[in-house]
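Undergrad: A predicted structure for the sequence below; I have some questions about it.
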There are 2 protein chains.
Amino acid sequence: MAEQQPPGLRERKKLRTRRTLCEAALRLFHVKGYEETTVAEIAAEADVSPRTFFSYFASKEDVVFHDTRARADRALSVIASREPGESAAALLARVADAVLTLEGGEDDLVLRMTPERSGIIMSAPSLQARALHLLFEFQRELTGALREAFRGEMDEVEAAAAIGAFIGAAKLAATTVMDRGGSPEEIVAAAHRAAELVVQGLQRLGHQDSP
Amino acid sequence: MAEQQPPGLRERKKLRTRRTLCEAALRLFHVKGYEETTVAEIAAEADVSPRTFFSYFASKEDVVFHDTRARADRALSVIASREPGESAAALLARVADAVLTLEGGEDDLVLRMTPERSGIIMSAPSLQARALHLLFEFQRELTGALREAFRGEMDEVEAAAAIGAFIGAAKLAATTVMDRGGSPEEIVAAAHRAAELVVQGLQRLGHQDSP
DNA sequence: TCTGAAATTGCAATGGATGAAAAAAAGCAT
DNA sequence: ATGCTTTTTTTCATCCATTGCAATTTCAGA
């Protein structure tokens, strides 16, 4: 006697609990600080038992990165969509456009609070470390995808160098400007410019002429 | 009744305890695994109280990275030694040579066990994350040093892009080959090549001609 | 309504990390 | 050598994230 069409009462309730926990956690992290917020408090705020928190998120850190997977997949699909003959430089430029976007709308569900989240991450060393780890895993995936998209045209080290340089430059440029207190727009612009500088340098990738 | 020349009994004992803890920890991590080894066990192995461990190392993780500071300083001093007129590319190449070296001898004290340590780090996600975080902080320092060395010749974003691309490429290339099971020599070679690819691309840094 | 699967909860235990005060060791001056 | 001061180490107590387990509740379907 229930609607089977999209989900099911059980599923919906689960989704709602997950979102509630997520919102509660981020809100608390933002006002009290990450380290100062306990899992017990988050659970209380979401009105579930502390034990339940861990059946939704493997760790306190995970709440903060609950949606990174989606962003990563977006970039991977861009690489997979390489047109025959498209250069690595051009492809990476497209990846940059796809990822370096401030807009929301991804999961209208919970988070338009990207800036708050950045603040939370930057304020807790363990979160920064986690973020970098995720970014690194992401780079591995990108490297694999790039090799796939250019199979035969690019070797292992070239692909890794291209991705590493590309992401590394964008990331460091972004945080450098962020540290200086730049606005979100400036940060994105810096990442874009850094990515461009690298991409230009990588133009000749695949050729064999050294200056 | 004691030698006051260089240290002092107190200092010597402290150094010895620190080294003992370090060796005990790394030995245990290597044979039992990082997660499986408890601080209590490390302390017992070194014959001190568990609480004492934390007066030598801020965390269990820190033991593994006790000497990274030294390596970082080596690179920073290379950048600081830039000859007037030396190009960023040339300077970064020198940095690569200074850092990408397998030799030991740095602190003859404890660690020639670089390979074991790599294994330990790669086997524990939390250590990988920590390593990346340290590497990132290192990049910030390098960026600052580079801006200093090229004051007036290079802006913030260019410096960050150069360092980010350089380190990012070397790191990802190295781990890519490492994942494939490459030998230490192959890994270093890959990092070198990736660094070279980037440095070449960065040749024109500071000029304004786009292709 | 009855029943089995899934989700939630309570409870206990492990292990990292920190604060505070007592105890032991080292340095120093007489 | 002896007593006083400073530094380390050790105890002891506590907080908190995380996990395993068993009891309980809720949902879905017959």
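TA: Received, thanks.
Undergrad: residue contacts, A:Arg130?
TA: By Cβ atoms under 8 Å, 6 or more residues apart in numbering or on different chains, A:Arg130 lies in contact with A:Glu61, A:Val64, A:Phe65, B:Ala129. In this view, the C-beta of every residue, glycine as well, is placed from N, C-alpha and C.
Undergrad: hmm, I was thinking of A:Gly119
TA: Contact analysis of A:Gly119 by Cβ under 8 Å, 6+ apart lists A:His30.
Undergrad: okay, it: pLDDT?
TA: At A:Gly119, the model reports a pLDDT of 91.
Undergrad: so where does it fall, helix or strand?
TA: Using DSSP states H and E, A:Gly119 sits within helix A:114-123.
Undergrad: residues of that helix that come out buried?
TA: Judged by neighbour count (16 or more other Cβ atoms under 10 Å in any protein chain shown), helix A:114-123 contains these buried residues: A:Arg117, A:Ser118, A:Ile120, A:Ile121.
Undergrad: now, which of those residues sits nearest chain B?
TA: A:Ile121 (11.6 Å; Cβ to the nearest Cβ).
Undergrad: can you pull the contacts of that closest one?
TA: Contacts of A:Ile121 by Cβ under 8 Å, 6+ apart are A:Val64, A:Leu127, A:Gln128, A:Ala131.
Undergrad: roughly how far does it sit from A:Arg82?
TA: Using Cβ to Cβ, to the nearest Å, we find A:Ile121 at a distance of 31 Å from A:Arg82.
Undergrad: are we agreed that A:Glu35 is in a strand?
TA: No - counting by DSSP: H, G, I helix; E, B strand; the rest coil, A:Glu35 is located in no strand; its state is coil.
Undergrad: before we move on, the earlier item: ok, and of the contacts of A:Ile121, which contact chain B?
TA: A:Gln128 (Cβ under 8 Å from any Cβ of the partner chain).
Undergrad: restricted to helices, list the contacts of A:Ile121.
TA: The members of the contacts of A:Ile121 that map onto helices under DSSP state H are A:Val64, A:Leu127, A:Gln128, A:Ala131.
Undergrad: quick one: which two of these are the most distant?
TA: Largest separation among the ones in helices among the contacts of A:Ile121 by Cβ to Cβ: A:Val64 and A:Gln128, giving 10.8 Å.
Undergrad: out of these two, which sits in the busier spot?
TA: Taking other Cβ atoms under 10 Å in any protein chain shown, A:Val64 and A:Gln128 do not tie; A:Val64 has more neighbours (22 against 18).
Undergrad: just give me how far stretch A:17-37 sits from the chain centre.
TA: Mean-position distance between stretch A:17-37 and its chain equals 19 Å (Cα atoms, centre = their mean, to the nearest Å).
Undergrad: close to DNA strand C, is that stretch?
TA: Yes - using Cβ under 7 Å from any atom of the strand, stretch A:17-37 reaches DNA strand C at A:Thr17.
Undergrad: any idea how far A:Gly85 lies from A:Gly182?
TA: For A:Gly85 relative to A:Gly182 (Cβ to Cβ), the value is 37 Å.
Undergrad: nope, A:Ala124 is what I was after
TA: From A:Ala124 to A:Gly182 the distance is 21 Å (Cβ to Cβ).
Undergrad: show me the helices in chain A, by range?
TA: So, for chain A - with DSSP H - the helices run A:9-32, A:39-46, A:50-56, A:60-64, A:68-80, A:88-99, A:114-123, A:125-149, A:156-179, A:184-201.
Undergrad: any idea which of the ones you listed is most buried?
TA: Per residue and on average, the most neighbours among the helices of chain A fall to helix A:156-179, with a mean of 27 (mean count of other Cβ atoms under 10 Å in any protein chain shown).
Undergrad: low-scoring stretches of chain A, by residue?
TA: By pLDDT under 70, the weakly predicted segments of chain A are A:1-7, A:9, A:101-113, A:203-211.
Undergrad: can I see the domain layout of it?
TA: A:9-62, A:65-205 (automatic domain parsing).
Undergrad: closest to DNA strand D out of these?
TA: Nearest to DNA strand D, of all those, is domain A:9-62, at 3.1 Å by Cβ to the nearest atom of the strand.
Undergrad: distance from the chain centre to that closest one, please.
TA: 20 Å.
Undergrad: just to revisit the earlier point, need the max-distance pair from the buried residues of helix A:114-123.
TA: Within these, A:Ser118 and A:Ile120 form the most distant pair, 7.3 Å apart (Cβ to Cβ).
Undergrad: neighbours of A:Pro84, just the number please.
TA: 5.
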